[in-house]
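Asker: predicted coordinates and the sequence they were generated for:
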Amino acid sequence: MLLWFRCGTLGTVFAVASTLMMNSAFAKQQSDEVPPWLQKHVGTAEGQIAPVVLQRARALYRKKRQTGATRNPCYFAMDATRPSTGPSGAPGQRFYIICENNKTFRAVSSGYGNGRKLPQANFANGRHCARHFSNAEGSKLSAGGYYMTAETRTSFKGYYTRSGKRVPFYRTFLLFDGEGETRNARERAIGGHQATFLKWQCRMQQPDSSHADDNGYVPVGRLVDYTSGRSNGCTTWSEEVSSEIIALVEGNPTSLYIYPEGRDIKAVERAVNNKRPVAQAGLYWNAQCLKQIGAPKFWPKRTLQPVINRWRRSLPKQPQRELPVCR
């Protein structure tokens, strides 16, 4: 910005400009500082958020607020390097709901991508810790990076038995829009939803249902809860948390930062291979999971997508299976 002065010396101009710059830098430093109430939640213990995860999540949220992409008072973060189970045996807390205006912080459980074990490549994750990550479509893996929550879609999954009655099960899916490495989030059908699916067992005739097939049948099954376990690459929450999150962002999108990104994974892998302690290298990975997985691996889309596509083309065509009629 060019400043014009009607009087004064050149030194005065420099003094004023210097003061403006210092004030701007101080204001930025103040906005970057983690407030004391939130600082107590920062760390690597259960229920805390790692410093790098919070730093990037806050930076993304502030950017989206400044550009008008979100007006939501809350934002999300996830640390996919953490284990599925906490020290007490309860689901591990690795998803964070942060509302700085209200001074609230909540750590909850969440699933991560289970991957696949193909003849050409094995990128399957264990139940406790994630080792493999990718942004390839069909990989069933999580991809760290920058997201915005988008619209929701609710779909009918079938009927299940509750209190002796068969009732419909609907599941709401919260879509994510990604940036950079995660810009193909919609192509991958990546989002968040309740960690429950209906395992179909049979079909019953209910021709008056809007969900019935051409022969008047609807699927029936049993609910399977996989809270904090693995998913097809989506972020998954318990029934209670899922309802709260969807209510929070319905028509009011916000930002989500998921750690680790491809650059983090590659850096940690190099450090491990060079037998250099991750912390000494200025990097972060959950210590318990790093000990279990040895070294993480990032499968970029350009590398893994051709493998998945070849595997899909090699699959023999199977006749469509028909569920037996319920008794």
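Answerer: Looks like it came in fine.
Asker: which residues of the stretch 51-200 of the chain fall in helices?
Answerer: Per DSSP state H, counting those that start in this stretch, the stretch 51-200 of the chain carries helices over the ranges 51-67.
Asker: poorly predicted segments of the chain, please.
Answerer: Residue ranges of the chain with pLDDT under 70: 1-31.
Asker: and the closest residue in space to Phe156 that isn't next to it in sequence, what helix or strand is that in?
Answerer: Using Cβ to Cβ, 6 or more residues apart in numbering and skipping residues adjacent in sequence, the residue nearest Phe156 is His211, 4.7 Å away. To be clear about C-beta, it is placed using only N, CA and C from the backbone, and glycine gets the same treatment. Using DSSP states H and E, His211 falls within no helix or strand.
Asker: I figured His211 was touching Met204, is that so?
Answerer: No - the pair formed by His211 and Met204 falls short of the contact definition of Cβ atoms under 8 Å, at 11.6 Å.
Asker: overlap in contacts, those two.
Answerer: Val218 (Cβ atoms under 8 Å, 6 or more residues apart in numbering).
Asker: neighbour count winner among those two?
Answerer: Taking neighbours as other Cβ atoms under 10 Å, His211 and Met204 compare with Met204 leading, 18 against 15.
Asker: for that one, phi and psi?
Answerer: The phi/psi pair for Met204 (degrees, to the nearest 10) reads phi -120, psi 150.
Asker: I figured it hits Val325, correct?
Answerer: Yes - between Met204 and Val325 a contact is recorded at 7.2 Å, counting by Cβ under 8 Å.
Asker: quick check: neighbours shared by these two?
Answerer: Each of Tyr217 lies in contact with both Met204 and Val325 under the rule Cβ under 8 Å, 6+ apart.
Asker: now do the strands in the stretch 1-150 of the chain.
Answerer: Assigned by DSSP state E, counting those that start in this stretch, the stretch 1-150 of the chain shows strands spanning 75-79, 95-99, 104-108, 112-113, 132-134, 145-162.
Asker: show me what the fourth one is in contact with.
Answerer: This means strand 112-113. Residues contacting strand 112-113 (Cβ under 8 Å, 6+ apart): 80, 84, 125, 130, 132-134, 139-142, 230-234.
Asker: just the CA atoms of the helix or strand harbouring Arg302, as CSV, please.
Answerer: In this assignment (DSSP H and E), Arg302 forms part of helix 301-314. Presented in CSV, the C-alpha positions along helix 301-314 are these (Å, rounded to 0.1, in the frame of the first residue of the first chain):
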residue,chain,number,x,y,z
LYS,A,301,-3.2,-42.1,-7.1
ARG,A,302,-0.9,-42.2,-10.1
THR,A,303,0.7,-45.3,-8.7
LEU,A,304,-2.2,-47.3,-7.2
GLN,A,305,-5.1,-46.4,-9.6
PRO,A,306,-3.7,-48.5,-12.5
VAL,A,307,-3.3,-51.5,-10.2
ILE,A,308,-6.9,-51.2,-9.0
ASN,A,309,-8.2,-50.7,-12.5
ARG,A,310,-6.3,-53.8,-13.8
TRP,A,311,-7.7,-55.9,-10.9
ARG,A,312,-11.2,-54.8,-11.6
ARG,A,313,-10.9,-55.7,-15.3
SER,A,314,-9.6,-59.1,-14.3
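Asker: please identify the buried residues of it?
Answerer: Going by neighbour count (16 or more other Cβ atoms under 10 Å), the buried part of helix 301-314 is 301, 304-305, 307-308.
Asker: ok, stretch 144-157 next?
Answerer: Buried residues in stretch 144-157, counted by 16+ other Cβ under 10 Å: 144-149, 152, 157.
Asker: for stretch 231-244, same thing?
Answerer: 231-238, 241-242.
Asker: now stretch 191-205
Answerer: 191-198, 200, 203-204.
Asker: same deal with stretch 283-299?
Answerer: Residues of stretch 283-299 classed as buried under the neighbour-count rule (16+ other Cβ under 10 Å) are 283-286, 288-290, 293, 296, 298-299.
Asker: ditto for stretch 127-140
Answerer: Applying a neighbour-count criterion of 16+ other Cβ under 10 Å, the buried positions in stretch 127-140 are 129-140.
Asker: could those be laid out in a markdown table, adding distance to Asn184?
Answerer: Below are the buried residues of stretch 127-140 laid out as a markdown table (distance: Cβ to Cβ, whole Å):
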| residue | distance to Asn184 |
| --- | --- |
| Cys129 | 25 |
| Ala130 | 19 |
| Arg131 | 22 |
| His132 | 17 |
| Phe133 | 14 |
| Ser134 | 11 |
| Asn135 | 6 |
| Ala136 | 9 |
| Glu137 | 7 |
| Gly138 | 11 |
| Ser139 | 11 |
| Lys140 | 14 |
